[in-house]
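*Asks:* got a structure for you, letters missing:
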């Protein structure tokens, strides 16, 4: 699907929430990346989306220079401009950025680590979730330059509790179940998923599994595959595989993007969460179960 076009999926008629997952390829410049996402956010808002999810590393793509040189707190240029855009469009925006964290000495080198943060701004909310599970896998060590977060984060949107996770977090089901136990009915997941053998299949399996075993709507917005189909399936580092997805609490896929830039606009009915959990009370049963 060509850049700038959107794919719509309507799951249930009647009252609901309209959300957007914007799939893009960001670059090294915060200013250029804000310019890239601004018209896409406005377009999604014009189509009625009130919750807009952008990828991990929206402010600065991985592999495009040191992260600490442009890392900012949530009163910096990137967060401030997105806050203004959220106010202008009447939306809540979730987007990946980086914040200064700590300084470590490693093998005689001074390392300025950052937090891998999902900014949440709009609707009276302006805060961040720091990615808890760093991507230390497949010959990559995110923890060398990124400090893990420690706290789960939820926020309210249109009366619905929304949990937040980032990319590699999706491999850890307990985080999603705990968000559900704390009231999350929707979980948003900014992502920059690395391509490679079997990685797309893993991504598709994990997004469906996390929605199903937590009984939530899951909305994951990823970085587009930089080379689209030309090199699909080849190792890419954590620079994106596309395939942003919205999954229902019963594990069915509502909408899924391809490899390239694309926007998903999806109507969901949060009331569906209670119906699914009543039929399949996995979270409640687990909470009441004792294992030795």
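*Replies:* Thanks, I have the structure now. This structure is a prediction, so every number in the text was calculated from the model and none was measured.
*Asks:* partner strands of the host helix or strand of residue 221 and their direction?
*Replies:* Applying DSSP states H and E as the criterion places residue 221 in strand 217-222. Partner strands and pairing direction for strand 217-222 (DSSP bridges) are strand 186-191 (parallel), strand 245-247 (antiparallel).
*Asks:* ranking those by burial, who's on top?
*Replies:* When those are scored by mean count of other C-beta atoms under 10 Å, the highest mean neighbour count falls to strand 186-191 (a mean of 29). (C-beta placed from N, C-alpha, C; glycine too.)
*Asks:* helices of the stretch 151-292 of the chain, residue ranges please.
*Replies:* Ranges of helices in the stretch 151-292 of the chain, per DSSP state H, counting those that start in this stretch, are 173-181, 199-214, 271-279, 282-287.
*Asks:* can I get the ones you listed in a markdown table with mean neighbour count and mean pLDDT?
*Replies:* Formatted as a markdown table, the helices of the stretch 151-292 of the chain follow (neighbours: other C-beta atoms under 10 Å; pLDDT from 0 to 100):
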| stretch | mean neighbour count | mean pLDDT |
| --- | --- | --- |
| helix 173-181 | 19 | 97 |
| helix 199-214 | 19 | 98 |
| helix 271-279 | 15 | 95 |
| helix 282-287 | 14 | 86 |
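*Asks:* list the contacts for the residue nearest to the spatial centre of the chain?
*Replies:* Nearest to the mean C-alpha position of the chain, by C-alpha atoms, centre = their mean, lies residue 190 at 1.5 Å. Neighbouring residues of residue 190 by C-beta atoms under 8 Å, 6 or more residues apart in numbering: 53-56, 58, 94-96, 118, 166-167, 220-221.
*Asks:* out of the residues you listed, which are inside strands?
*Replies:* 53, 94-96, 118, 220-221 (DSSP state E).
*Asks:* any chance of those residues in a markdown table, plus neighbour count, pLDDT and distance to residue 111?
*Replies:* Shown next, in a markdown table, are the ones in strands among the contacts of residue 190 (neighbours: other C-beta atoms under 10 Å; pLDDT from 0 to 100; distance: C-beta to C-beta, whole Å):
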| residue | neighbour count | pLDDT | distance to residue 111 |
| --- | --- | --- | --- |
| 53 | 31 | 99 | 30 |
| 94 | 32 | 99 | 28 |
| 95 | 30 | 99 | 25 |
| 96 | 28 | 99 | 21 |
| 118 | 28 | 99 | 22 |
| 220 | 32 | 99 | 29 |
| 221 | 30 | 99 | 29 |
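*Asks:* among those residues, which two are most distant?
*Replies:* Spatial extent of the ones in strands among the contacts of residue 190 (C-beta to C-beta) is set by the pair 95 and 220 at 13.2 Å.
*Asks:* one step back: I'd like the strands paired with strand 217-222 laid out as TSV, including distance to residue 16 and mean pLDDT.
*Replies:* Formatted as TSV, those follow (distance: least, C-beta to C-beta, whole Å; pLDDT from 0 to 100):
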stretch	distance to residue 16	mean pLDDT
strand 186-191	11	99
strand 245-247	12	98
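*Asks:* how about those strands in a markdown table, adding distance to residue 123?
*Replies:* Output for these, formatted as a markdown table (distance: least, C-beta to C-beta, whole Å):
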| stretch | distance to residue 123 |
| --- | --- |
| strand 186-191 | 14 |
| strand 245-247 | 20 |
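*Asks:* that older thread, is the residue nearest to the centre of the chain in a bridge, and if so with what?
*Replies:* Beta bridges link residue 190 to residue 221, judged by DSSP bridges.
*Asks:* please apply the same query to residue 53.
*Replies:* For residue 53, the beta-bridge partners under DSSP bridges are residue 21, residue 94.
*Asks:* right, and it touches residue 20 too?
*Replies:* Yes - using C-beta atoms under 8 Å, residue 53 is in contact with residue 20, at 6.9 Å.
*Asks:* check contacts around residue 58.
*Replies:* Going by C-beta under 8 Å, 6+ apart, residue 58 touches 24, 26, 33, 37, 95-97, 190.
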